[in-house]
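**Student:** the following comprises the amino acid sequence and a computationally predicted model.
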Amino acid sequence: MINTESGSGPLVQSPRSPSSQSQYIAVSVLDPAKMGNGVQAYISYKVITRTNFPEYDGPEKIVIRRYSDFVWLRDRLFEKYKGVFIPPVPEKSTVEKFRFSAEFIEMRRKALDVFVNRVASHQELQHSEDLRIFLTVDEQTMERARSQETGIFKKKPADLMQIFKDVQSKVSDVVLGKEKPVEESSPEYEKLKNYVFQLEDHLAEAQKHAYRLVKRHRELGQSLSDFGKAVKLLGECEGNALGKAFSELGAKSEILSVHLQKEAQNLLMNFEEPLKDYVRSVQSIKATIAERANAFRQHCELAEAIKFKEIDMNKLRLTRSDKLYDAEHEYEELKAEGAEAWRRFEKIVKLMNEEIVRFQEQKTVDLGVAFHEFALGQAQLANSIASAWRSLLPKLEACSS
Amino acid sequence: MMGSDNQGYQEARLYTTKDQMSATLLHDEPSPSKSFQDPLSSSSPFVEIPTSDHLHANKNPNPSHSSINSILEPPSYAEAVFQSFDLDSVDSPDISTLDHSASASPKSFSTILKISVSDPKREPGATSYFSYLITTFTNMPEFTGTEFNVRRRFRDVVALSDRLAESYRGFFIPLRPDKSVVESQVMQKNEFLEQRRAALEKYLRRLAAHPVLKNSEELRAFLEPSDGIQLSRTSDAASTMLDGADTTEVSQPAKGGRDFLWMFKELKQSVANDWGGAKPPLVEDDKEFLDKKEKMQDFEQQLINVSQQAESLVKAQQDIGETMGQLGLAFVKLTKFETEEVAQDSQRAHAADMKNVATAAVKASRLYRELNAQTVKHLDKLHEYLGVMLAVNNAFADRSSAFLTVQTLLSELSSLHSRIEKLEAASSKIFGGDRSRIRKIEELRENIRITENAKSSAAREYERIKENNKTELERLEKEKHDDFVNMLKGFVVNQAGYAEKMANVWETVAEETSAYIRKS
């Protein structure tokens, strides 16, 4: 289901209603192009969207985007859709960026393509305004939106902050439980968290070895090539039938070296990269887990604040203070906030439960495909190696007669 | 591990002078029957295995070869068993060396000379040393028995090697094992003893496989129990004659060091050859030989190159096998983890698939390891021939030095003649003769007579060495051809076979996981 080829996105259909057409959206990330010079150089990508979503004007839209735009989209989605496992973007690279090898660019392009398509095929995320902005606005608007990002979302609403501050100033640290972290304690959720954290470790190790295996293929290819060249030289100075045999052996070695390099590339793209993608996805889940913890903590803190406000209020009631009116007002506000926080938390829980299921299903397929590609690649490599060597045997037989 | 070994190998490569008899380090390979042993775990650059070439054994006319071998082998030490990939014929440990002489012999009766080295033992005494049990089984009539043992120490082997070098100049004499003092201090004692034992065995077997050397007195004396090693005559015929002794037997000139005057003369001659404007009295004019020599040098260069690349290839094969294994293990762990956590059935199937991939990776890793063990055995031939090249260089050096001796004698003669001329001219001016001068002239004439004899002897020696070079070159050509064809065949069959096995493993997994493609 994951888009691995450029140019075709998944078709996502909303449930048919008798009066509406089925909705679809397909996105492609193509044509990486190097822009700018020196330290400021970056890669731009063409993003093509084909959709009949009503919020989009027109069936097709082409825009130019760069890596940080994708990151912007991911960050916005992460803020807005807490509880959803936001698809990961490929790592920011500090070193490779300057080298911009063709391999690196292609891998990044693919990963970005996968990212956008996952967003576009997610029931919740596909209708987000941020996605629409990302897919449709021109570059200047995009740049402005990107630079505003740091402003809007790092500031909390002023009034909520204020209330927190009031509460904090009246209560000691001990009671607020700075020492005791507020956490969910359901055993099922504990199990899930454990699973996620351990899964990341296991996957990371597998991915590490997969990457090494790619390197080993390259090294073996290089060795075979060098060996082949040396054997050819030996054949030349031998002359006669044996010399020819050596030369043929050398030639075969060089051919096989090419096969090995190709397989290394195949392994990298179709096995190691999916594993890396899996690791990134698990890390995204961890981020969601953190968000859930945040939401839970907020709810708990508000609950505490509400309790203390109530105590305050009652005190004021008894003394018939004129501050009572304000206190009651604040109390109501806090209660509303508390309810909101609880709703947010519950929403996250609900989403997460759905997401887990979706994630497992998706991952099973993705990994299955990766395994298949791995096995297929290895089988093909082994077969070509066997047939190359076998083809030499008749010539060698001729030599010994 | 390989880095330091390369250094040792390079040092071996640089030893081209005849006097430095450092052979390539010969080490034994741990038995591949210990299934997960790393074939390259020994620290030597050459992992050497007493090979039994099946393709050669098949040509061997003597059918009872293998059974004799199994009788002969003392069970006290582990023999590395060569299992060729397409092991369709011989199953028993066939530990014969490449007995080219036997297979080449047209006689129906082939000579057998089987040697084993075993049981290193510390000999008691003030100067403690190690001795090895040398067991011989033979049907050669020159020997005093058919089966016998003797204990020898490394020093005896050195002596044997030295005597062979003296008696068989011009032959491609296999190089004896290194004295390797440094290594012996670094290694554990047992490891060192085992290495040396294996190296000695390999050396003696090579001697036994050489069509001329196997019949040598020196080897016989070494193998047979006796009071001491018989000394063969080692006097330098040329210098002995010059010293006044009269020898009718033509013996080989000594390697040098005895007669300083003679050495100086030869050195002067060689300098004159290199730098002098005048044409030397004798020029190496055997075009065919010079061509062959050049070719041999080319061959040696390329061989060194190939053997280096072969080492890298083996290392790369080892690495990929290791990493594949580690990948497999990582997936095994992941599978185990997932199966513990798993809830739905779809997950269970997924975990089963992962397990299949993991198992396949581990299998592939094992196959790589086996492949590599075999590859090492095959490509070991390259290393063996590096040793042969050194022997060839020695033989060519014998020829050069014999040639130099003849040249020097000719120069000597020529200078003696001119001295006589001068004296005769001077003395003829004096009426009635000059007694002292006449005496001198007679001395010189006597000198000339001796020198002439020495020159004839040296010339005969030179011709003999030339002839030896020639026959050996022919023998080498044929053996080289056979050996390398077999090596290539073995290598190729091995690679193809293991690749096919691996293809099978992966095809199964690809088949099992093909459902995912349809799903996606």
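**Tutor:** Noted; the coordinates are in hand.
**Student:** can you tell me the SS state at residue B:149?
**Tutor:** strand (DSSP: H, G, I helix; E, B strand; the rest coil).
**Student:** what sits opposite it in the beta ladder?
**Tutor:** Following DSSP bridges, residue B:149 is listed with bridge partners residue B:135.
**Student:** can you tell me how far it is from residue B:131?
**Tutor:** 11 Å (Cβ to Cβ, to the nearest Å). In short, each C-beta sits where N, CA and C put it, glycine included.
**Student:** cool, residue A:144 as well?
**Tutor:** Where residue B:131 is concerned, residue A:144 sits at a distance of 91 Å (Cβ to Cβ).
**Student:** repeat that for residue A:354.
**Tutor:** 81 Å.
**Student:** swap in residue A:395?
**Tutor:** 49 Å.
**Student:** got it, and residue B:427?
**Tutor:** For residue B:427, the distance to residue B:131 - Cβ to Cβ - is 66 Å.
**Student:** report how many residues lie close to residue A:219.
**Tutor:** 19 (other Cβ atoms under 10 Å in any protein chain shown).
**Student:** interface residues of the stretch 201-350 of chain B facing chain A?
**Tutor:** Proximity of the stretch 201-350 of chain B to chain A, by Cβ under 8 Å from any Cβ of the partner chain, involves residues B:295, B:298-299, B:301-303, B:305-306, B:308-310, B:312-313, B:315-317, B:319-320, B:323-324, B:326-327, B:330-331, B:333-334, B:337, B:341, B:344, B:346-347, B:350.
**Student:** now do residue A:286 against chain B, distance only.
**Tutor:** 16 Å (Cβ to the nearest Cβ, to the nearest Å).
**Student:** surely that residue is in contact with residue A:199?
**Tutor:** No: with contact defined as Cβ atoms under 8 Å, residue A:286 does not reach residue A:199; the gap is 9.9 Å.
**Student:** these two: who's more crowded?
**Tutor:** residue A:199 (21 against 16).
**Student:** I'd assumed residue A:282 was in contact with the more buried one.
**Tutor:** Yes: with contacts counted by Cβ under 8 Å, residue A:199 reaches residue A:282, the gap being 5.6 Å.
**Student:** where exactly do the strands run in the stretch 51-200 of chain B?
**Tutor:** B:113-123, B:129-138, B:147-153 (DSSP state E, counting those that start in this stretch).
**Student:** my bad, chain A
**Tutor:** Using DSSP state E, the strands of chain A run over residues A:25-35, A:42-51, A:60-66.
**Student:** out of the ones you listed, which is closest to chain B?
**Tutor:** Closest to chain B of the strands of chain A is strand A:25-35 (Cβ to the nearest Cβ; 16.1 Å).
**Student:** who does that closest one touch, helix- and strand-wise?
**Tutor:** Where contact means 3 or more Cβ pairs under 8 Å, 6 or more residues apart in numbering or on different chains; DSSP states H and E, strand A:25-35 is packed against strand A:42-51, helix A:102-121.
**Student:** leaving out chain neighbours, which residue sits closest to the residue in chain B positioned nearest to chain A?
**Tutor:** Ranked by Cβ to the nearest Cβ, the top residue of chain B for proximity to chain A is residue B:516, at 3.2 Å. Distances taken as Cβ to Cβ, 6 or more residues apart in numbering or on different chains put residue A:368 closest to residue B:516, at 3.2 Å, once the chain neighbours are dropped.
**Student:** OK, contacts around the one you found?
**Tutor:** With contact taken as Cβ atoms under 8 Å, 6 or more residues apart in numbering or on different chains, residue A:368 is in contact with B:350, B:353, B:513, B:515-516, B:519.
**Student:** same list, those, but as TSV with neighbour count, distance to residue A:223 and pLDDT please.
**Tutor:** Output for those, formatted as TSV (neighbours: other Cβ atoms under 10 Å in any protein chain shown; distance: Cβ to Cβ, whole Å; pLDDT from 0 to 100):
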residue	neighbour count	distance to residue A:223	pLDDT
B:350	24	36	80
B:353	21	32	88
B:513	23	30	89
B:515	14	37	85
B:516	20	33	83
B:519	10	38	66
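**Student:** how near is the residue of chain A at minimum distance from chain B to residue A:76?
**Tutor:** Nearest residue of chain A to chain B: residue A:368, at 3.2 Å (Cβ to the nearest Cβ). From residue A:368 across to residue A:76, the span is 32 Å (Cβ to Cβ).
**Student:** next one: residue B:208
**Tutor:** 83 Å.
**Student:** again, but for residue B:470
**Tutor:** Distance from residue B:470 to residue A:76, by Cβ to Cβ: 87 Å.
**Student:** over to residue B:464?
**Tutor:** 94 Å.
**Student:** before we move on, what about residue A:371?
**Tutor:** Following Cβ to Cβ, the distance that separates residue A:371 from residue A:76 is 34 Å.
**Student:** check residue B:221 too.
**Tutor:** To residue A:76, residue B:221 is 93 Å away according to Cβ to Cβ.
**Student:** neighbour count: the two, which is higher?
**Tutor:** Under the criterion of other Cβ under 10 Å, the comparison of residue B:221 against residue A:76 puts residue A:76 first, with 21 against 18.
**Student:** what ranges does chain A have for its helices?
**Tutor:** Counting by DSSP state H, residue ranges of the helices within chain A are A:67-80, A:96-99, A:102-121, A:129-136, A:139-152, A:158-170, A:173-176, A:187-238, A:240-267, A:273-319, A:324-400.
**Student:** please apply the same query to the stretch 201-350 of chain B.
**Tutor:** Per DSSP state H, counting those that start in this stretch, the stretch 201-350 of chain B carries helices over the ranges B:217-223, B:237-243, B:260-275, B:287-341, B:345-429.
**Student:** check contacts around residue A:184.
**Tutor:** A:292-293, A:296.
**Student:** ok, 10 Å please
**Tutor:** By Cβ atoms under 10 Å, 6 or more residues apart in numbering or on different chains, the contact list for residue A:184 reads A:190, A:193, A:292-293, A:296-297, A:300, A:345, A:349.
**Student:** so which bits of the stretch 351-500 of chain B are right by chain A?
**Tutor:** By Cβ under 10 Å from any Cβ of the partner chain, the part of the stretch 351-500 of chain B that sits against chain A consists of B:351, B:353-354, B:356-358, B:360-361, B:364, B:367-368, B:379, B:382, B:477, B:480-486, B:488-500.
**Student:** related to what we said a few turns ago, including mean pLDDT, could the strands of the stretch 51-200 of chain B go into a markdown table?
**Tutor:** A markdown table is the format used below for those (pLDDT from 0 to 100):
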| stretch | mean pLDDT |
| --- | --- |
| strand B:113-123 | 88 |
| strand B:129-138 | 90 |
| strand B:147-153 | 90 |
